[in-house]
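1. just coords:
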């Protein structure tokens, strides 16, 4: 029995998120189906986290246990030939059997991509189109206040299922390049909708609808309604998982 | 009555090409529907050319006649708000009434995009994935032979409807950058499937299946079967229309 870490990349547009569910096709299910065809046995895939419907991943991590004796390059090529074009396995390597894709993860980086100006179909598929340029300096002032260990309950959906809502954000910033704006956040874990709500609050700050130090009141009151909106999923990327 | 030149950009994945047809949604129809909503009258849109199902455009050109007195910026914004995300109007300007999007065009540039290496979902949507790197030098040797005025009948689908199959190619080359390879071709006009067949022949040359001077025999014999395959549509972009 070998434990393998797979790094996968996917365009989440067509999927109901990562996790297997009864009412829609998910990335996990599609990957398990391809693995079953390749290995001739049903293997369970354990992901580093869930991603919501429509969210993309550049480097999602997951582990499987299998009996195969493929060389890694043949495994990669065989699996990719069985996957649809919107999911690719970009790396695989053997790990010790105590490795766990979720529990061993030290953190994750998400990127929320935006652009402004004339709409462009090739950008609009993966980025949020903004009517006008937000103030990047104000957005970064707000982002600095997010860094650290906080109770992020107000920055998450009430649909969350976890009890402990304290998380540590290692880095949070906004980078702009021409008409493109990336909101980047790295932390040890993220609550349901947390990235999209923090990014939405940063954007409200950038448009002057909220103050750059609004995080002070939000962390104090714990009130979701003081934050900005939950931005749409199509512009969110799980960029990297750290081990 | 004003004649307006519209420059539009579209992701052709979901469309049965540019031209209105009975059995599928096209870009032209979608644009005409949006214009009807904006202007309150049915206007006919005349395109610079047809594009096949699945082909994209960065700068497609078309003209309309309308009675509106919108400022151009309001026209652009209003029309984009009525179009789906995979079609955008990126520019509009008034022309004299004798201007014609097709007849006044001096030429067009198409780009066929490819990449090799580990498959990537974000590249695979708009580029042809190659298993291995083709020989770029050989491909460019072939491309040089395509430049000029020739009867391009062998490099076109037998489904073409035109009589005159002589066209002039002003430039044809292959550019590579890391794992990315772009086949670029500029000419005064293109026959049905011509770009995808020339690009497919260039790729066969790059893999050593055809000789770099195969164009000599092809132009002489006029035989489609001596060319390479018609490459798939999802990686073809109409890049620019010249006036």
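-> Yep, it's here. Predicted, not measured: the structure shown is a model, and the values here were computed from it.
2. can you give me the pLDDT of the closest residue in space to residue A:107 that isn't next to it in sequence?
-> Counting by CB to CB, 6 or more residues apart in numbering or on different chains, residue A:107 lies nearest to residue A:242, which is 4.5 Å off, once chain neighbours are set aside. Every residue, glycine included, has its C-beta placed from N, CA and C. At residue A:242, the model reports a pLDDT of 96.
3. which residues touch residue A:242?
-> A:105-109, A:186 (CB atoms under 8 Å, 6 or more residues apart in numbering or on different chains).
4. any chance you could map the helices in chain A?
-> A:27-39, A:72-82, A:121-124, A:136-146, A:194-206, A:214-221 (DSSP state H).
5. in a markdown table, list those along with mean neighbour count and mean pLDDT.
-> Shown next, in a markdown table, are the helices of chain A (neighbours: other CB atoms under 10 Å in any protein chain shown; pLDDT from 0 to 100):
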| stretch | mean neighbour count | mean pLDDT |
| --- | --- | --- |
| helix A:27-39 | 19 | 94 |
| helix A:72-82 | 16 | 90 |
| helix A:121-124 | 20 | 93 |
| helix A:136-146 | 19 | 98 |
| helix A:194-206 | 26 | 98 |
| helix A:214-221 | 17 | 95 |
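6. of those helices, which approaches residue B:199 most closely?
-> Among the helices of chain A, helix A:121-124 comes nearest to residue B:199, with 19.8 Å by CB to CB.
7. residues in contact with the helix or strand of chain A with the lowest mean pLDDT?
-> Least confident helix or strand, chain A: helix A:72-82 with a mean of 90, by mean pLDDT, DSSP states H and E. If you take CB under 8 Å, 6+ apart as the criterion, helix A:72-82 is touched by A:4, A:34-35, A:37-38, A:68, A:70, A:88-89, A:91-94, B:118-119.
8. go on, stretch A:4-12?
-> A:27, A:31, A:45, A:51, A:53-66, A:75, A:86-95, A:99, A:101, A:233, B:120-122, B:125.
9. show me which of these are buried.
-> Buried members of the contacts of stretch A:4-12, counted by 16 or more other CB atoms under 10 Å in any protein chain shown: A:27, A:31, A:45, A:51, A:53-64, A:66, A:75, A:86-90, A:92, A:101, A:233, B:120-122, B:125.
10. how close does residue A:25 sit to residue A:17?
-> 10 Å (CB to CB, to the nearest Å).
11. which residue of the two possesses the greater neighbour count?
-> residue A:17 (19 against 15; other CB atoms under 10 Å in any protein chain shown).
12. residue contacts, the more buried one?
-> A:26-27, A:50-55.
13. residue ranges with poor pLDDT in chain A?
-> A:68-69 (pLDDT under 70).
14. tell me where it has strands.
-> For chain A, the strands defined by DSSP state E cover A:2-10, A:46-47, A:56-66, A:87-95, A:107-116, A:128-130, A:148-151, A:166-177, A:180-187, A:236-242.
15. list the buried residues for the last one?
-> This means strand A:236-242. Applying a neighbour-count criterion of 16+ other CB under 10 Å, one finds A:236-241 buried in strand A:236-242.
16. now, which of those sits nearest residue B:222?
-> Taking the buried residues of strand A:236-242 together and measuring to residue B:222 by CB to CB, the closest member is residue A:237, at 49.5 Å.
17. surely the closest one meets residue A:57?
-> Yes. Under the criterion of CB atoms under 8 Å, residue A:237 makes contact with residue A:57 at 6.6 Å.
18. show me the domain layout of chain A.
-> As assigned by automatic domain parsing, chain A contains the domains A:2-95, A:107-242.
19. buried ones among the contacts of residue A:242?
-> A:105, A:107-109, A:186.
20. now these in TSV, with distance to residue B:130?
-> Listed next are these as TSV, based on distance: CB to CB, whole Å:
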residue	distance to residue B:130
A:105	34
A:107	35
A:108	32
A:109	30
A:186	34
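21. which of those residues sits closest to residue B:133?
-> Distances from residue B:133 to those, taken by CB to CB, are shortest for residue A:109, at 30.5 Å.
22. I'd guessed the closest one sits against residue A:237; true?
-> No. Applying CB under 8 Å as the test, residue A:109 and residue A:237 come out as separate, 9.1 Å apart.
23. okay, and the common contacts of those two?
-> With CB under 8 Å, 6+ apart as the test, residue A:109 and residue A:237 reach no residue in common.
24. just give the nearest non-adjacent residue to residue A:232, would you?
-> Nearest one to residue A:232, counting by CB to CB, 6+ apart, is residue A:128 at 6.5 Å.
25. any idea how far that neighbour is from residue A:233?
-> Separation of residue A:128 from residue A:233 (CB to CB) stands at 10 Å.
26. residue A:158: how many residues sit nearby?
-> 8.
27. hang on, isn't it packed against residue A:224?
-> Yes. Contact status for residue A:158 versus residue A:224: in contact at 6.9 Å, counting by CB under 8 Å.
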